[in-house]
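# sequence and predicted model, in that order:
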There are 4 protein chains.
Amino acid sequence: MQPRRGRVRSESTRRAILEATRDELAASGYDKLSIDRIAAAAGAGKQTVYRWYPTKSALVADCLLEGYVLPTTSIDVPDTGDIRRDLGDWLRAFAEGLDHPQNAALIRACTAAAADNDEVAAKFYENATAATETALTERLHAAELAGQLKKDAPAVAVAEALIGAMLFRLLTRQRATVAFTEGLTEAVMAGIALTPSPAQR
Amino acid sequence: MQPRRGRVRSESTRRAILEATRDELAASGYDKLSIDRIAAAAGAGKQTVYRWYPTKSALVADCLLEGYVLPTTSIDVPDTGDIRRDLGDWLRAFAEGLDHPQNAALIRACTAAAADNDEVAAKFYENATAATETALTERLHAAELAGQLKKDAPAVAVAEALIGAMLFRLLTRQRATVAFTEGLTEAVMAGIALTPSPAQR
Amino acid sequence: MQPRRGRVRSESTRRAILEATRDELAASGYDKLSIDRIAAAAGAGKQTVYRWYPTKSALVADCLLEGYVLPTTSIDVPDTGDIRRDLGDWLRAFAEGLDHPQNAALIRACTAAAADNDEVAAKFYENATAATETALTERLHAAELAGQLKKDAPAVAVAEALIGAMLFRLLTRQRATVAFTEGLTEAVMAGIALTPSPAQR
Amino acid sequence: MQPRRGRVRSESTRRAILEATRDELAASGYDKLSIDRIAAAAGAGKQTVYRWYPTKSALVADCLLEGYVLPTTSIDVPDTGDIRRDLGDWLRAFAEGLDHPQNAALIRACTAAAADNDEVAAKFYENATAATETALTERLHAAELAGQLKKDAPAVAVAEALIGAMLFRLLTRQRATVAFTEGLTEAVMAGIALTPSPAQR
DNA sequence: AGATAAACGAGACGGTACGTCCTGTCTTCTC
DNA sequence: GAGAAGACAGGACGTACCGTCTCGTTTATCT
């Protein structure tokens, strides 16, 4: 391991850049991001921004990865033993988090970034999403082990359907009301069909 | 009504602009769209583009509205009388449509546009989405009337969960496999919980 | 001749650019010229500057060509019939012109530009210099025709020696005093050698 | 004088810097000089360059002072006793030196530097020029003492006229041909006027 | 020998300017 | 009067250098 030549790169500057990025992202959205403005707001030179992040996408991606954008608070899925109630509570809490305009703006900006760019998409998934999805699927598996769910329930599909529904509401600027989240919870828990599943195709 | 002096605005030019926009969208994504390039590709002056569409967003929005971007083909929900099968078939067809890279790129671009801009979001919802959602909810209501669904089943929530799940897969660059779509269909039809719903909280 | 499509290029903007360039040149010298600042001072976009002048050198060169930098006043060589007096008067006037700091700064800047760049050098010669040189050599030829000069006197060499001497004084920050200009005039008119020229080598 | 603790400053590094500067000067001219490149070419850190030379100008100035740029060879004025021949020979030799593109480029670069910057101008004069001028004026004074020149001949003015003429040719990219140098020599030795100088104004 | 200190290479830092590209507006001429 | 062509002011892009500031290393002198 060689001795590290030259001045060491400033972590604090990097953090300032990420914070400035988060602020710009919430204020202006993804495609109005300006590296010039971010650098100025962070008190950094543009070159320093580019030294850390070669592209606007990488910058946003790292913002996601480092948790500057999405709070980890709303991710935890409660576990009271009652999967039905836990799922409902979690979904409602999630919806409430999205009611704050700043959170909504940030997630929309990240969605735009993910839609535009593969790398951001990967980070978006790894962080913002996979964490949530993992927590959700783990809770579902726990419920399965507890004998509350059918065997081989498609936990991933259900988790992504829930997240996807919230994302869809966000994109189309519809609030996710309590009626909505409860209807959705009930649907995935009990199904909407009257007749039981046939002997399976 | 006065007689309209001067040259009439050329519909064919407008169509050329929309086509050029669609091509750029598929090729470069939303935030790399350049009005300059679009005008050049359409053989139009920039002013003409701006005369029709005041903003980049409006341009994309109209692309959506006029169906230049999203094919209406995959929207129709089959109706064989068996809601379970129809839903499954439709979802699989939808997923297959998203497997074509060009379609995927276009929808991602539109998603980015919708995330960034309220107006596009509205158009995105009205067209690309509401059409789909309407078709879906109508099919669900038909099934309800046919006695195949529970009373007051949350059709809208289910429809949006299905679309949202597909969108989520698209954003995170995960293919929606047949196993995925079938698991999802089964989940919303029959639910994943073992025990029946309690006397409703 | 085809009909010229599109908006016509604004001569007044071009003039504003040249004036701003002249001011910057006098204030900061050649290698501190900033296109950004020039554009801002001229109330023009950078692109407009570049549309007219592809390089900093071309800009300075045109400043010279259009006479924005060097006043044509000091160029005219008087003709009273007495070449000796005329030359002396002209050289003194020239020296006095260079005594004004602004003129000196401008010519130094142009010299730097000419030294650095072939194109500017050409323009520098064509305009600032050739005009002077031409006026000077024409006056000398007139004197020759009037029988006041030796036959085949090297008018060009003498003209360039006079200009060169003034330039040298300027570059080395020495004032060209009256004693200097008169000594120089006398030297080229009467020579400094005591003995007459030998039978020519 | 106190004993100087710490590492001694490396003369060889300083020489490497000057050599790199000379090479850059000849290759790119004055206003394209880059301290970054010079440091890299010299295998030195930027700080070391700045420790020796606070500004680009000082660097170029020292290049001149140390003779890295202008060869002292062409400075010596021959002394055969015949001032007319000696002057002619020297001027021709000087012109030949300037025919080499590298020499021409270097002197042009130094001229640009001198035009832009007072300090360089001083060094330019002290070294490159004063040496030449001194040699020339000394030769002229020797001739005067030998009775070959008029009394009180303006040696400095003549010397500067000769150097200025060469510089002017260099700046305007005109070669100084033998015809040119001989015409000039003859002009300053014998004058170009037919009639003898009047009783002097 | 060990401590102290300056100079060194390397290179990151906050900045300024570059030359290019794009935006949205404005002229100009043509249909 | 709409349209294409394209110039315009403005502003962001990503790059190159500036002059300054750490770093770890090397080389000297002083204890």
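Thanks, I have the structure now. Remember, predicted model here, so these are calculated numbers, not experimental data. Residues are numbered from 1 along each chain as shown, chains lettered A, B, ... in the order given.
# check the offset of stretch A:104-120 from the chain's centre.
Put simply, stretch A:104-120 sits 10 Å off its chain's centre (CA atoms, centre = their mean, to the nearest Å).
# quick one: which helix or strand includes the closest residue to A:Asn117 other than its chain neighbours?
Of all residues not flanking A:Asn117 in the chain, A:Ser57 sits nearest, at 4.1 Å (CB to CB, 6 or more residues apart in numbering or on different chains). In short, each C-beta sits where N, CA and C put it, glycine included. Element membership for A:Ser57, per DSSP states H and E: helix A:56-65.
# any bit of that helix sitting next to DNA strand F?
Yes. Residues of helix A:56-65 are located near DNA strand F by CB under 7 Å from any atom of the strand, namely A:Lys56.
# ditto for stretch A:31-47
Yes. Stretch A:31-47 lies within reach of DNA strand F by CB under 7 Å from any atom of the strand, at A:33-37, A:45-47.
# which of those sits closest to A:Ala193?
Nearest to A:Ala193, judged by CB to CB, of the residues of stretch A:31-47 next to DNA strand F is A:Leu33 at 45.9 Å.
# count the residues that sit near the residue of chain A found nearest DNA strand E.
Evaluated by CB to the nearest atom of the strand, chain A has A:Gly6 as its residue closest to DNA strand E, separated by 2.2 Å. For A:Gly6, the count of nearby residues is 6 (other CB atoms under 10 Å in any protein chain shown).
# and it, that's in a helix?
No. Under DSSP: H, G, I helix; E, B strand; the rest coil, A:Gly6 sits outside any helix and is assigned coil.
# list phi and psi for it.
When read as degrees, to the nearest 10, the backbone of A:Gly6 gives phi 80, psi 170.
# the helix or strand where A:Gly88 lies vs chain B: in contact?
Assigned by DSSP H and E, A:Gly88 falls within helix A:83-99. Yes. Judged by CB under 8 Å from any CB of the partner chain, helix A:83-99 comes into contact with chain B at A:83-85.
# for stretch A:26-43, same thing?
Yes. Against chain B, stretch A:26-43 shows contacts by CB under 8 Å from any CB at A:29-32.
# what about the helices in chain A?
Secondary structure of chain A (DSSP state H): helices located at A:11-28, A:35-42, A:46-52, A:56-65, A:83-99, A:101-116, A:118-124, A:130-145, A:155-171, A:178-190.
# now mean neighbour count, mean pLDDT and distance to B:Ala179 too, for those, in a markdown table please.
Output for the helices of chain A, formatted as a markdown table (neighbours: other CB atoms under 10 Å in any protein chain shown; pLDDT from 0 to 100; distance: least, CB to CB, whole Å):
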| stretch | mean neighbour count | mean pLDDT | distance to B:Ala179 |
| --- | --- | --- | --- |
| helix A:11-28 | 18 | 94 | 36 |
| helix A:35-42 | 17 | 96 | 43 |
| helix A:46-52 | 15 | 97 | 40 |
| helix A:56-65 | 23 | 86 | 28 |
| helix A:83-99 | 19 | 90 | 22 |
| helix A:101-116 | 23 | 86 | 24 |
| helix A:118-124 | 21 | 82 | 22 |
| helix A:130-145 | 18 | 84 | 15 |
| helix A:155-171 | 24 | 91 | 9 |
| helix A:178-190 | 21 | 92 | 17 |
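# which one among the residues of stretch A:26-43 next to chain B gets closest to A:Glu126?
Relative to A:Glu126, the closest of the residues of stretch A:26-43 next to chain B is A:Tyr30; by CB to CB it sits at 18.2 Å.
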